[in-house]
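Novice: would you be able to build a 3D model of this:
(2 chains)
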Number of protein chains: 2
Amino acid sequence: MKEIVIKDVKEGIIADNDLVAESIREKLRAEGSFFINVMGSPGCGKTTFIIRTINELKKDIGIAVMEADVDSDTDARIVSETGADVIQLHTGGSCHMDAAMTMEGLKEFGEMDHDLIILENVGNLVCPAEFDVGANLNVMILSVAEGDDKPLKYPLMFRTSDVLIINKTDAKEAFDFDEDIFLERVRNLNGDIKVFTLSALHGEGFAKWMDFIGKAVVKR
Amino acid sequence: MKEIVIKDVKEGIIADNDLVAESIREKLRAEGSFFINVMGSPGCGKTTFIIRTINELKKDIGIAVMEADVDSDTDARIVSETGADVIQLHTGGSCHMDAAMTMEGLKEFGEMDHDLIILENVGNLVCPAEFDVGANLNVMILSVAEGDDKPLKYPLMFRTSDVLIINKTDAKEAFDFDEDIFLERVRNLNGDIKVFTLSALHGEGFAKWMDFIGKAVVKR
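Specialist: This is a model prediction of the structure:
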């Protein structure tokens, strides 16, 4: 088994966050890397989504993943089985990543050249939405098990995301999730958000997301 | 429809948190109120759990509920249909409640006398665990849809909770949730935690929780 690098990262000063985020975007643009920030509640399926995305893209492009958590290296271990370059970031109790923490994580990859860099943010629908981490694409995942009322209660996450993944559709029959009402609530917050409905575990609906992200990475 | 009181609450100074929490416990002890703090991820079923608990207890005791959210009064509206006294607290973007915010919320109930006071904390497995809100009982809920790896990634929540509710067992077949492995991970963090496995939506397994909380309220 590959050894997992665990890096402790510290929160930066909020006032500087947008400046640091912009410098991350410039650095990665110069290096030709496309960077996506994956957010969502604990257990919404972020890791499974990332693994399937990597497995579908890895024969064509180089991929690096930063797994952010308060504790453990569980996700980094699982994701590293794909063959992608993976580091585990520990946030020192912080419930989100910010741009300075992201910059610290990126430095761990050194001179390695990656076409796609993925950050799995801390599982949380509140604070990660407040911090630009310098990504080219902010992706939020919501599992149908969480309920169709979440846009009402966590509006900033839906406002700041470019892509919304409605996940665990394979378990939809077990839940009272009204997708029409949910999407109406989402559109009231963000008319531009791109929505993909899929099962990251079983693959249904995944092709459209792959088409979208494949083109986005090529266009970078 | 009853009008919902919405109260904006502000974060206190962390250093004072434990002092304020202790003064809440003293105040409520003097008033004969038992106070429970309900925590868990977005969509784990906190509101449904609270409503069923109220409906089973309300003919015998007076109940007050504080619903904490970043935005909306969705939960307060639904919970107020039980007939309990309910206020909605808005946390001003904060991803958790602290003791000072809780004290502000409690003041809204004025001289009303309640046997049981319930706080529905902000949906989040990280920061709510860091702040003692003066409760007599910290209850965390985890839905089987979230996965059995959560104790590894959010250990503090499992360490600081007195009660763990494993919820949405009615949907268990749709998920690969290994309860034995999960409970072993939980016990490694907290040997004293009291566990109830149930469906808050349909009621299976709820009687044991009702027996426990009913006795706890009477003993106060």
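
Novice: around the residue lying closest to A:Asn167 once chain neighbours are set aside, how many other residues sit close by?
Specialist: Nearest residue to A:Asn167, sequence neighbours excluded (CB to CB, 6 or more residues apart in numbering or on different chains): A:Gly45, at 4.4 Å. All C-beta spots, glycine's among them, are computed from the backbone N, C-alpha and C. Using other CB atoms under 10 Å in any protein chain shown as the criterion, A:Gly45 is surrounded by 25 other residues.

Novice: pretty sure A:Gly45 contacts A:Ile166?
Specialist: No - taking CB atoms under 8 Å as the definition, A:Gly45 is not a contact partner of A:Ile166, at 10.3 Å.

Novice: would you say A:Phe196 is within a helix?
Specialist: No - with DSSP: H, G, I helix; E, B strand; the rest coil as the criterion, A:Phe196 is located in strand rather than a helix.

Novice: could you find the closest non-adjacent residue to it?
Specialist: Using CB to CB, 6+ apart, the closest residue to A:Phe196 is A:Trp209 (4.5 Å).

Novice: show me what whichever strand or helix holds the one you found is in contact with.
Specialist: Applying DSSP states H and E as the criterion places A:Trp209 in helix A:206-219. With contacts defined as CB atoms under 8 Å, 6 or more residues apart in numbering or on different chains, helix A:206-219 is touched by A:34, A:36, A:52-53, A:56-57, A:61, A:115-116, A:136-137, A:163, A:165, A:194, A:196, A:198-200.

Novice: only the buried residues of that helix, if you could.
Specialist: By neighbour count with 16 or more other CB atoms under 10 Å in any protein chain shown, helix A:206-219 contains the buried residues A:206, A:209-210, A:213-214, A:216-217.

Novice: output the residues you listed in CSV, with pLDDT and distance to A:Pro155 appended to each entry.
Specialist: Shown next, in CSV, are the buried residues of helix A:206-219 (pLDDT from 0 to 100; distance: CB to CB, whole Å):
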residue, pLDDT, distance to A:Pro155
A:Phe206, 98, 27
A:Trp209, 98, 24
A:Met210, 98, 29
A:Ile213, 97, 25
A:Gly214, 96, 30
A:Ala216, 94, 25
A:Val217, 92, 29
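
Novice: ok, so of those residues, who is nearest chain B?
Specialist: Set against chain B, the nearest of the buried residues of helix A:206-219 by CB to the nearest CB is A:Phe206 (18.2 Å).

Novice: just grab the bridge partners of the residue most central in space within chain A for me.
Specialist: Within chain A, the residue whose C-alpha comes closest to the C-alpha centroid is A:Val38; the distance, by CA atoms, centre = their mean, is 0.9 Å. Under DSSP bridges, the beta-bridge partners of A:Val38 are A:Glu120, A:Val139.

Novice: which ones are touching it?
Specialist: A:46, A:49-50, A:118-121, A:139-141.

Novice: one more: A:Gly93?
Specialist: A:70, B:126, B:130, B:156.

Novice: what helices or strands is the helix or strand hosting A:Leu19 leaning on?
Specialist: Here A:Leu19 sits within helix A:17-31, counting by DSSP H and E. Judged by 3 or more CB pairs under 8 Å, 6 or more residues apart in numbering or on different chains; DSSP states H and E, the packing partners of helix A:17-31 are strand A:34-40, helix A:99-107.

Novice: let's go with 7 Å and repeat that
Specialist: Helices and strands touching helix A:17-31, by 3 or more CB pairs under 7 Å, 6 or more residues apart in numbering or on different chains; DSSP states H and E, are helix A:99-107.

Novice: got the contact list for the helix it packs on?
Specialist: Contact with helix A:99-107 is made by A:7, A:9-12, A:17, A:20-21, A:24, A:66, A:87, A:89, A:91, A:119, A:131-134, as judged by CB atoms under 7 Å, 6 or more residues apart in numbering or on different chains.

Novice: hmm, which of these are the buried ones?
Specialist: For the contacts of helix A:99-107, buried by 16+ other CB under 10 Å: A:9, A:11-12, A:17, A:20-21, A:24, A:66, A:87, A:89, A:91, A:119, A:131-134.

Novice: closest to chain B among the residues you listed?
Specialist: Among the buried ones among the contacts of helix A:99-107, A:Thr91 lies closest to chain B (CB to the nearest CB), at 8.8 Å.

Novice: give the contact list for the residue lying closest to A:Asp192 once chain neighbours are set aside.
Specialist: Distances taken as CB to CB, 6+ apart put A:Asp162 closest to A:Asp192, at 7.7 Å, once the chain neighbours are dropped. Residues counted as contacts of A:Asp162 (CB under 7 Å, 6+ apart) are A:137-139, A:193-194.

Novice: could you pick out the buried ones from those?
Specialist: Using 16+ other CB under 10 Å as the burial test, the contacts of A:Asp162 include A:137-139, A:193 as buried.

Novice: can I get the residues you listed in CSV with pLDDT and distance to B:Pro151?
Specialist: Shown next, in CSV, are the buried ones among the contacts of A:Asp162 (pLDDT from 0 to 100; distance: CB to CB, whole Å):
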residue, pLDDT, distance to B:Pro151
A:Leu137, 98, 31
A:Asn138, 98, 28
A:Val139, 98, 26
A:Ile193, 98, 33
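
Novice: which two of those have the greatest separation?
Specialist: Farthest-apart pair in those is A:Leu137 and A:Ile193; separation 11.5 Å (CB to CB).

Novice: common neighbours of these two, please.
Specialist: By CB under 7 Å, 6+ apart, the residues touching both A:Leu137 and A:Ile193 are A:162-163.

Novice: pull up the pairing partners for the helix or strand bottoming out on mean pLDDT in chain A, direction included.
Specialist: Every helix and strand of chain A was ranked by mean pLDDT, DSSP states H and E. The lowest is strand A:5-8, at a mean of 86. With DSSP bridges as the test, strand A:5-8 is paired with strand A:85-90 (parallel).

Novice: so the strand it pairs with versus helix A:99-107, what angle?
Specialist: Calculated by axes from the mean of the first three to the mean of the last three CA atoms, to 10 degrees, strand A:85-90 forms an angle of 140 degrees with helix A:99-107.

Novice: contact partners of strand A:85-90?
Specialist: Residues contacting strand A:85-90 (CB under 7 Å, 6+ apart): A:4-9, A:64-69, A:71, A:73, A:76, A:79-80, A:101, A:105, A:108-109, A:112, A:114.

Novice: let's go with 8 Å and repeat that
Specialist: By CB under 8 Å, 6+ apart, the residues outside strand A:85-90 that reach it are A:4-9, A:62-73, A:75-76, A:79-80, A:97, A:101, A:104-105, A:108-109, A:112, A:114.
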